[in-house]
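Participant: sequence and predicted model, in that order:
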Amino acid sequence: MATPAVGAACLLLARAAGAPGPRRGGGGGDQARPRRQQRAVRRRCVAELSREGPAPRPMPQLAPPLVPGFLAPPREPAPEREPASTPPPVPDDGLGDLDLGLELEQIAENSINNTVVVASEQDSKIMVGKEQESEIMVGKEQARAKVTHSIVFVTGEASPYAKSGGLGDVCGSLPVALAARGHRVMVVMPRYLNGTSDKNYANAFYTEKHIRVPCFGGDHEVTFFHEYRDSVDWVFVDHPSYHRPGNLYGDKFGAYGDNQFRYTLLCYAACEAPLVLELGGYIYGQNCMFVVNDWHASLVPVLLAAKYRPFGVYKDSRSILVIHNLAHQGVEPASTYPDLGLPPEWYGALEWVFPEWARRHALDKGEAVNFLKGAVVTADRIVTVSKGYSWEVTTAEGGQGLDELLSSRKSVLNGIVNGIDINDWNPATDEHIPCHYSADDLSGKAKCKAALQKELGLPIRPDVPLIGFIGRLDYQKGIDLIKLIMPTLMREDIQFVMLGSGDPELEDWMRSTESNFRDKFRGWVGFSVPVSHRITAGCDILLMPSRFEPCGLNQLYAMQYGTVPVVHATGGLRDTVENFNPFGDNGEQGTGWAFAPLTTENMLWTLRTAISTYKEHKSSWEGLMKRGMSKDFTWDHAAEQYEQIFQWAFIDQPYVR
């Protein structure tokens with residue numbers, strides 16, 4: 001989508017070009033000049049509005065990078081062209097005192113022709129008549145950032161290309177929200193090919209760029225693919241280690257044994273991409289904001305500090321570590337450190353020693369390297385995915401062994417609650433649910449519930465609360481506690497549905513519980529996006545008894561759909577779910593129930609309170625639904641908070657040893 005500021009400036013340029021300009025000569029030259037201006041302005045405006053047409057095609061090779069990549073093969077310099085790292089400035093608020101006649105004559109026809117690409121229909125609609133001025137129809141105005149940056153997201157997954165959980169949702173939505181606010185955004189992730197979901201990369205084309213990464217005892221060649229979508233440059237790092245059956249990080253036998261190698265390649269490639277890839281005719285250059293997500297990308301800040309800044313490269317860049325789940329840190333034996341290609345003196349940044357109780361045998365020294373720890377040490381700022389989690393990671397209970405280190409960096413540690421993509425999660429437009437509804441008209445909610453009961457083979461009873469659970473079947477999500485309370489809960493007049501996969505024993509428990517309570521319980525082993533939408537829309541209550549939850553998205557989806565959450569008050573769950581209070585200062589308040597501590601007694605008592613409220617206080621229940629649906633959990637709100645973190649990061653000097 002074209003940015004409103006650029007579009008407005010182009011519109012003014014186009015209109016002004018059609019008006020008579022100051023005469024500099026006589027005869028036929030004066031009559032032909034407005035048409036030349038119109039053609040020049042049209043090409044310039046279209047180039048600014050869109051850098052890529054709807055079909056994949058090779059990108060133009062304009063100029064060598066401002067600073068050649070450390071790992072890229074050398075290129076012959078172009079003697080007659082100036083190196084460019086950023087697009088030429090475009091006026092944001094009109095033309096002021098700009099001399100249009102002089103300005104347009106200074107636009108070289110050849111340079112415009114080399115940079116122009118075709119704008120898509122959704123970006124602009126250009127109408128050119130025989131002697132009409134060019135007009136560009138600009139889309140709806142959006143909120144703009146006061147200061148824009150070149151942002152490089154580095155992640156192990158991003159929706160819709162590859163996703164295993166909330167990390168994929170965040171890295172698929174936040175970059176789009178930041179791009180809509182005027183930033184130039186690149187996302188760098190692996191190009192996973194497993195033979196079944198390869199169509200996700202169908203619109204990504206080969207950039208003809210390749211680098212050699214010196215690590216793990218040799219030089220490993222990786223290549224880049226690129227797709228421009230939703231105003232974001234999606235860059236895919238290609239290497240044979242990303243081409244295998246199974247999921248992103250492992251298969252039925254467990255995590256892949258070469259994951260450290262796979263994500264070392266990703267981090268090196270992400271550091272080189274802004275220097276060597278000409279996307280839309282311009283490289284991103286050195287003045288970048290790297291946003292690295294979880295341990296898969298955590299080597300990036302270490303590489304910037306150890307292998308780039310000592311040579312004057314990326315000296316003006318900054319890096320932000322976003323911790324989505326501290327439980328996964330990328331820990332490998334200390335003997336693997338030489339494989340990473342880092343200088344020996346940087347071992348201390350990644351050094352990790354397990355406590356004695358966690359060692360395998362008496363001779364085990366517990367020495368290891370920890371990718372996430374390296375990023376905690378070297379990143380300029382640290383962000384967790386909720387305010388509550390930013391405090392929990394500094395405690396012994398929630399710090400997963402990094403609590404002391406994170407406490408020492410508390411001055412640069414912040415929490416920002418994730419947003420949700422309302423294009424995918426909106427009960428008024430959701431294509432996966434049978435009936436649409438909104439806070440102003442809740443009638444479709446009851447129809448969705450009846451349709452879900454029918455689909456699951458449960459009795460269609462609008463008077464019975466339908467409780468749902470969606471998530472992984474593992475210890476973190478508190479499934480063992482649900483298992484303990486289920487026999488007691490089944491004595492209540494309720495219905496319960498679970499969707500998820502994970503621990504085989506818990507999967508078998510779901511199947512056996514369904515066979516024992518055919519009229520009350522359904523267990524769907526596996527995961528299905530359409531089914532998760534229908535459960536979210538059809539249930540009355542969503543249960544989330546997670547032991548820890550950095551942010552959580554399901555409770556946000558539930559509130560958006562008028563489904564009342566009952567959650568353990570931890571991390572992002574405590575931040576986003578407001579306890580129901582029927583006697584608030586301004587009447588009833590709250591969007592659900594958050595209980596603590598996490599015990600079976602507390603969970604049962606809270607569920608029974610929610611059940612009785614549903615059955616006996618219909619008006620209060622409707623108020624809970626509407627207050628949840630009115631909450632602003634959009635990504636635009638979160639993106640604005642990330643912009644503040646970017647500003648703080650650039651105030652301080654970057655990390656140097």
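Facilitator: Arrived safely, thanks for sending.
Participant: can you pull out the strands in the stretch 201-350 of the chain?
Facilitator: 205-215, 218-229, 232-238, 250-251, 254-255, 288-293, 318-323, 331-333 (DSSP state E, counting those that start in this stretch).
Participant: can you point out the buried residues in the third one?
Facilitator: Looking back up the chat, that one is strand 232-238. For strand 232-238, burial by neighbour count (16 or more other Cβ atoms under 10 Å) applies to 232-238. From N, CA and C alone the C-beta is placed, and that goes for glycine too.
Participant: who does it pair up with?
Facilitator: Applying DSSP bridges, strand 232-238 is found paired with strand 184-190 (parallel), strand 218-229 (antiparallel).
Participant: please enumerate residues in contact with the shortest one?
Facilitator: Strand 184-190 is contacted from outside by 148-158, 161-162, 171, 175-176, 178-179, 231-239, 242, 262, 266, 269-270, 273-274, 279, 284, using Cβ atoms under 8 Å, 6 or more residues apart in numbering.
Participant: repeat that for 7 Å
Facilitator: The contact list for strand 184-190, computed with Cβ atoms under 7 Å, 6 or more residues apart in numbering, reads 150-158, 161-162, 171, 175, 178-179, 232-237, 242, 266, 269-270, 273-274, 284.
Participant: and it, average pLDDT?
Facilitator: Per-region confidence: strand 184-190 scores 98 on mean pLDDT.
Participant: orientation of that strand relative to strand 288-293 in degrees?
Facilitator: Compare the direction of strand 184-190 with that of strand 288-293 by axes from the mean of the first three to the mean of the last three Cα atoms, to 10 degrees and you get 40 degrees.
Participant: also the longest one?
Facilitator: Here strand 218-229 runs at 100 degrees with respect to strand 288-293, directions being taken by the same axes, to 10 degrees.
Participant: please state the offset of strand 218-229 from the chain centre?
Facilitator: The gap between where strand 218-229 is centred and where its chain is centred comes out at 20 Å by Cα atoms, centre = their mean, to the nearest Å.
Participant: could I get the strands paired with strand 232-238 as a markdown table with distance to Phe517?
Facilitator: What follows is the strands paired with strand 232-238, written out as a markdown table (distance: least, Cβ to Cβ, whole Å):
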| stretch | distance to Phe517 |
| --- | --- |
| strand 184-190 | 43 |
| strand 218-229 | 46 |
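Participant: of those, which stretch is the most buried?
Facilitator: strand 184-190 (a mean of 26; mean count of other Cβ atoms under 10 Å).
Participant: now the host helix or strand of Val566 - C-alpha only, PDB.
Facilitator: If you go by DSSP states H and E, Val566 is part of strand 564-568. The C-alpha atoms that make up strand 564-568 are tabulated as PDB, following Å, rounded to 0.1, in the frame of the first residue of the first chain:
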ATOM      1  CA  VAL A 564     -15.000 -14.700  28.500                       C
ATOM      2  CA  PRO A 565     -11.500 -15.800  29.600                       C
ATOM      3  CA  VAL A 566     -10.800 -17.700  32.900                       C
ATOM      4  CA  VAL A 567      -7.000 -17.600  33.300                       C
ATOM      5  CA  HIS A 568      -4.100 -18.000  35.700                       C
END
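Participant: partner strands of whichever strand or helix holds Ile151 and their direction?
Facilitator: According to DSSP H and E, Ile151 maps onto strand 150-154. Strand 150-154 sits in its sheet next to strand 184-190 (parallel), strand 288-293 (parallel), going by DSSP bridges.
Participant: so how many other residues sit close to the residue nearest to Val222 when sequence neighbours are not counted?
Facilitator: Using Cβ to Cβ, 6 or more residues apart in numbering and skipping residues adjacent in sequence, the residue nearest Val222 is His239, 4.7 Å away. With neighbours defined by other Cβ atoms under 10 Å, the count for His239 comes to 18.
Participant: His239 contacts Phe224, correct?
Facilitator: No - using Cβ atoms under 7 Å as the test, His239 is too far from Phe224 to be in contact (10.6 Å).
Participant: neighbours of the closest residue in space to Ile320 that isn't next to it in sequence, just the number please.
Facilitator: Closest residue to Ile320 apart from its sequence neighbours, by Cβ to Cβ, 6+ apart: Arg381 at 4.7 Å. Using other Cβ under 10 Å, Arg381 has 22 other residues around it.
Participant: what domains does the record give for the chain?
Facilitator: With domains defined by the TED database, the chain comprises 150-328+379-419+642-651, 442-631.
Participant: got CSV for those domains, with distance to Leu350 too?
Facilitator: Below are the domains of the chain laid out as CSV (distance: least, Cβ to Cβ, whole Å):
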stretch, distance to Leu350
domain 150-328+379-419+642-651, 7
domain 442-631, 23
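Participant: quick one: closest of those domains to Pro338.
Facilitator: domain 150-328+379-419+642-651 (8.6 Å; Cβ to Cβ).
Participant: ends of the closest one, how far apart?
Facilitator: Using Cα to Cα, to the nearest Å, the end-to-end distance of domain 150-328+379-419+642-651 comes to 16 Å.
Participant: what does stretch 421-440 give?
Facilitator: 21 Å.
Participant: right, I'll leave it there.
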